[in-house]
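>>> return atomic coordinates for the entry below.
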Amino acid sequence: MTDPVAMITAALRADAEVVRIVGQNLANSSTAGYRRAVPTALAAQAGDAPSGPAAAALPTTVAVTDFAAGTLGATGGPLDLAIEGPGFFVVATPDGEQLTRRGDYRVGADGYLVTQLGDVLLGHNGAIVVAGGRVEVASDGTVSVDGSVVDRLKLVAVSAGAQLEPTGRGHYVAPAGEPLLDDAASAVRQGFLEGSNVTPVNEMIRLMEAVRHFETAQRFARGYDDMLRTAISDLGRL
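Presented below is the predicted three-dimensional model:
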């Protein structure tokens, strides 16, 4: 692969990835607790870049999660919970414990507090049983049912600068070796939901920029192809 072709191909791939990431943000702009993904260019690792003398200099585009807080909105729902502060709820999934800021919980068939997809919300003593009772959640995460304390929500934080890995469904896991810290700084707000931190207008602008850049790269590719075709045709007449 020649250097210009490698560069044009890398540009097209990068723009396509930006469109995918921004489209994901727009699709989740109204999802409670969603954290926007930011398209970020990273230097290509050896073996990951296209072949060619200049290939090592071509960057790749990855999604880096922006953990800035979303806006809290009152819902009045007793099972709607939001976190003020840096902490995360902990849920039990088929793939192990994961972290989330999404707080629209419900009571599962077995009486446990669960996410909308059925993952169990965890307290310090494990799954929290609330079946059939009046649920109250204090600011420190203490859960009471009909006035009796049953558990306290397991709230955790990660060290500053740690980049959690998204697993989908608004859940995250810490990198291997990254300790989870007991979060005493955050407060739980019952009857509130944290919105996403996506600003749709900004994402639409970023999407249009990526599409235009993609179209420009396509025109360069067509122009380069026409130039090669002409050169080959002229050489054939010599």
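>>> from here on, just use CA atoms for contacts and neighbour counts.
Will do.
>>> which intervals of this protein have sub-threshold pLDDT?
Across the chain, the stretches falling below the confidence threshold (pLDDT under 70) are 1-2, 5, 43-58, 224-229, 231-238.
>>> in it, which spans are helices?
3-27, 200-236 (DSSP state H).
>>> can you put these in JSON lines and add distance to residue 174 and mean neighbour count?
Putting those into JSON lines (distance: least, CA to CA, whole Å; neighbours: other CA atoms under 10 Å) gives the following:
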{"stretch": "helix 3-27", "distance to residue 174": "21", "mean neighbour count": "19"}
{"stretch": "helix 200-236", "distance to residue 174": "27", "mean neighbour count": "14"}
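>>> and of those helices, who's closest to residue 60?
Nearest of these to residue 60, taken as CA to CA: helix 3-27 at 6.5 Å.
>>> quick check: domain ranges of this protein?
The chain resolves into domains spanning 3-68+198-236, 72-194 when parsed by automatic domain parsing.
>>> residue contacts, residue 84?
Each residue near residue 84 by CA atoms under 8 Å, 6 or more residues apart in numbering is listed here: 186, 187, 188, 189.
>>> ok, now how distant is residue 95 from residue 166?
For residue 95, the distance to residue 166 equals 13 Å [CA to CA, to the nearest Å].
>>> hmm, I was thinking of residue 105
Distance from residue 105 to residue 166, by CA to CA: 20 Å.
>>> do residue 125 as well
Distance of residue 125 to residue 166, computed by CA to CA: 26 Å.
>>> who has more neighbours, these two?
Summary of the neighbour comparison: residue 125 and residue 166, criterion other CA atoms under 10 Å, with residue 166 having more neighbours (19 against 11).
>>> give the bridge partners for that one, please.
Here residue 166 sits in beta bridges with residue 172, going by DSSP bridges.
>>> how near is it to residue 217?
30 Å.
>>> and what of residue 88?
When distance is defined by CA to CA, residue 88 is 41 Å away from residue 217.
>>> repeat that for residue 24.
Here the distance between residue 24 and residue 217 works out to 23 Å (CA to CA).
>>> likewise residue 118?
From residue 118 over to residue 217 (counting by CA to CA), the distance is 44 Å.
>>> now do the contacts for residue 36.
Residues counted as contacts of residue 36 (CA under 8 Å, 6+ apart) are 25, 65, 66, 67, 196, 197, 198.
>>> what is the nearest of these to residue 109?
Using CA to CA as the measure, the one of the contacts of residue 36 that approaches residue 109 most closely is residue 196, at 28.1 Å.
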